[in-house]
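# Predicted model follows, preceded by the sequence.
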Amino acid sequence: MGYRNGISAGKEASAQKGFNVGFKQSVLIAYKWGFVRGISSAYINLPDDFIEKLATRTEKKVQLQNLHQSAQMISTTDAIKMFHESI
């Protein structure tokens, strides 16, 4: 009985440690990904006169629009898969 309890406790401790490491690795990347998606979506949905004030140069407007399109093309599920494959 003690042996089984020890094995069970060891598995739980090991799983928790693995979770903590994985969480630490992914939380910063997920935050950045969400930030890019959120900011680019907010920008795209602003009225045109606000956009003109924020990005006065045409090339910057195009870059922000391209960033938005790129970020929206990748679903959250696909982003998670890409992250998992990269580690």
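Received, thanks. Numbers count the residues shown, from 1 in each chain.
# can you give me the helices in the chain?
Shown for the chain, the helices assigned by DSSP state H span residues 2-44, 48-54, 58-73, 76-86.
# any chance of those helices in a markdown table, with mean neighbour count too?
The C-beta positions use only the backbone N, C-alpha and C, and glycine is treated the same way. Listed next are the helices of the chain as a markdown table, based on neighbours: other C-beta atoms under 10 Å:
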| stretch | mean neighbour count |
| --- | --- |
| helix 2-44 | 11 |
| helix 48-54 | 10 |
| helix 58-73 | 13 |
| helix 76-86 | 11 |
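# what residue is smack in the middle of the protein?
Centroid-nearest residue in the chain: residue 30, 2.5 Å away (criterion: C-alpha atoms, centre = their mean).
# how much space between it and residue 24?
Residue 30 is 11 Å from residue 24, where distance means C-beta to C-beta, to the nearest Å.
# who's in contact with residue 30?
Contacts for residue 30 (C-beta atoms under 8 Å, 6 or more residues apart in numbering) come out as residue 83.
# any idea how far it is from residue 15?
Residue 30 is 21 Å from residue 15, where distance means C-beta to C-beta.
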